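Novice: let me see the structure of the following:
(2 chains)
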Amino acid sequence: GIQVEQSPPDLILQEGANSTLRCNFSDSVNNLQWFHQNPWGQLINLFYIPSGTKQNGRLSATTVATERYSLLYISSSQTTDSGVYFCAVTNTGNQFYFGTGTSLTVIP
Amino acid sequence: EAGVAQSPRYKIIEKRQSVAFWCNPISGHATLYWYQQILGQGPKLLIQFQNNGVVDDSQLPKDRFSAERLKGVDSTLKIQPAKLEDSAVYLCASSLVYVTEAFFGQGTRLTVV
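Specialist: A predicted model of the protein is given here:
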């Protein structure tokens, strides 16, 4: 199956700092999503972004499908941004796989 | 629009007992997924349905896990008999079709003692 790797695995930021999270995938995909898993375990949809760039407030994402990666940008981080960020992809076999996750801690 | 509903939210059982989880997807969503998330890991796909047919169950431990989606709407996931290593959060998700945005329920946290 498709391999999905995220980096960095862990990230600690001071409140107000910016960060970039990366998702690499090993094969062609026809869907990519970014999720935020909050401390209660709920997976919150951030972006549905099989290609191109999207922005939503302080968050933005870019997927370059031809080069098999996606980036999630968080600007002016807040303590509520803490949690685990996952990317997930659907490959040409229409199977939906998650990456390894990036654990973000934002300290005041 | 109502989201993906799961029940129960929490379950504690003894090993070798059986347990069942229920999922009601978003109305009109043809694709339904069950995931297992062990603490500290990413969600792992157990089974994927398209309407009431199975698309992928390659990672479902079929000797103890079973799932069904009757009438292409609600789904149940069953574990019988449970083992200690089955302690995890079981997540259900749905999407309109394969390649559209997927939405997750709040999950069922299972503890096997």
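
Novice: is the closest residue to B:Y10 other than its chain neighbours in a bridge, and if so with what?
Specialist: Distance criterion C-beta to C-beta, 6 or more residues apart in numbering or on different chains; nearest residue to B:Y10, sequence neighbours excluded, is B:R109 at 5.0 Å. Every C-beta, even on glycine, is put in place using the N, C-alpha and C of the backbone. Beta-bridge pairing for B:R109 (DSSP bridges): B:Y10, B:V89.

Novice: for chain B, what are the nearby residues on chain A?
Specialist: Proximity of chain A to chain B (C-beta under 8 Å from any C-beta of the partner chain) is limited to residues A:30-31, A:33, A:35, A:40-43, A:45, A:48, A:50, A:86, A:88, A:90, A:93-101.

Novice: what helices or strands is the helix or strand harbouring A:T53 leaning on?
Specialist: Element membership for A:T53 (DSSP states H and E) is strand A:52-56. Counting contacts by 3 or more C-beta pairs under 8 Å, 6 or more residues apart in numbering or on different chains; DSSP states H and E, strand A:52-56 packs against strand A:43-48, strand A:59-64.

Novice: from the chain's centre, how far out does it sit?
Specialist: Put simply, strand A:52-56 sits 12 Å off its chain's centre (C-alpha atoms, centre = their mean, to the nearest Å).

Novice: quick one on the thing from earlier: got TSV for the helices and strands packed on strand A:52-56, with mean neighbour count too?
Specialist: Shown next, in TSV, are those (neighbours: other C-beta atoms under 10 Å in any protein chain shown):
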stretch	mean neighbour count
strand A:43-48	18
strand A:59-64	19
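
Novice: which of the ones you listed sits closest to B:D86?
Specialist: Shortest separation from B:D86 across the helices and strands packed on strand A:52-56 is recorded for strand A:43-48, at 20.1 Å, computed as C-beta to C-beta.
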